[in-house]
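> build me a structure from this.
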Amino acid sequence: MILDRCAPGSVLEPGANRGFNLQTIKSIQPDIQTWATDVNRNALRILRRAVPGVNAVYGDLRHLPFRDGIADLVFTVGVLIHIKPVDISACIQELTRCSKRYILICEYGSEEIEEVAYRGQQGALWKAPFGRIAEQSAALRPLDSGFLTKDQGFDRVTWWLYEKGGDSPSPA
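This is a model prediction of the structure:
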């Protein structure tokens, strides 16, 4: 399990929506400190009820309202896919800024940036080589990667786990 690899005492999930991921984490590790953001105020109200003790605030991934290194693990699940490709690097840098040590990215991966119609809309979802973009955007050391599957409650989602402090990023 990914959490076993990190053993975080605190987590931050930008784009947490109603808190399903944080609920699962709290069920495994009840004493973990949790922070979250979302741009949907109704989802934040539900999240605060669903995850006791969570510090859930309105916030955009491009400018997270938290201090540097606030959480041991900062992660996204299905959030970067909704960020315009031109902004992905800056968002990954923001994840890295808020992380004390680990960054976990769980998204629909692809070898190239590929726009996908989302609920009949264009310009709302992109598959991308998020792992490659992360390694070019921030000083991260790759630790592991894999896939989450339908039997784990996901579509085929690619995940990448990083530790801060890798080589300096290449110019994008």
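
> contact partners for the nearest residue to residue 70 once chain neighbours are set aside?
Closest residue to residue 70 apart from its sequence neighbours, by Cβ to Cβ, 6 or more residues apart in numbering: residue 98 at 5.3 Å. C-beta coordinates here come from the backbone N, C-alpha and C atoms, glycine included. Contact analysis of residue 98 by Cβ atoms under 8 Å, 6 or more residues apart in numbering lists 12, 64, 66, 67, 68, 69, 70, 71, 74.

> Three-state assignment for the fourth one, please.
Put plainly, it is residue 67. At residue 67, secondary structure determined by DSSP: H, G, I helix; E, B strand; the rest coil is coil.

> residues in contact with it?
By Cβ under 8 Å, 6+ apart, the neighbours of residue 67 are residue 98.

> so what pLDDT did it get?
As predicted, residue 67 sits at a pLDDT of 97.

> gap between it and residue 42?
27 Å (Cβ to Cβ, to the nearest Å).

> okay, helices next: where are they in this protein?
Assigned by DSSP state H, the helices in the chain fall at 2-6, 20-28, 41-50, 88-98, 130-137.
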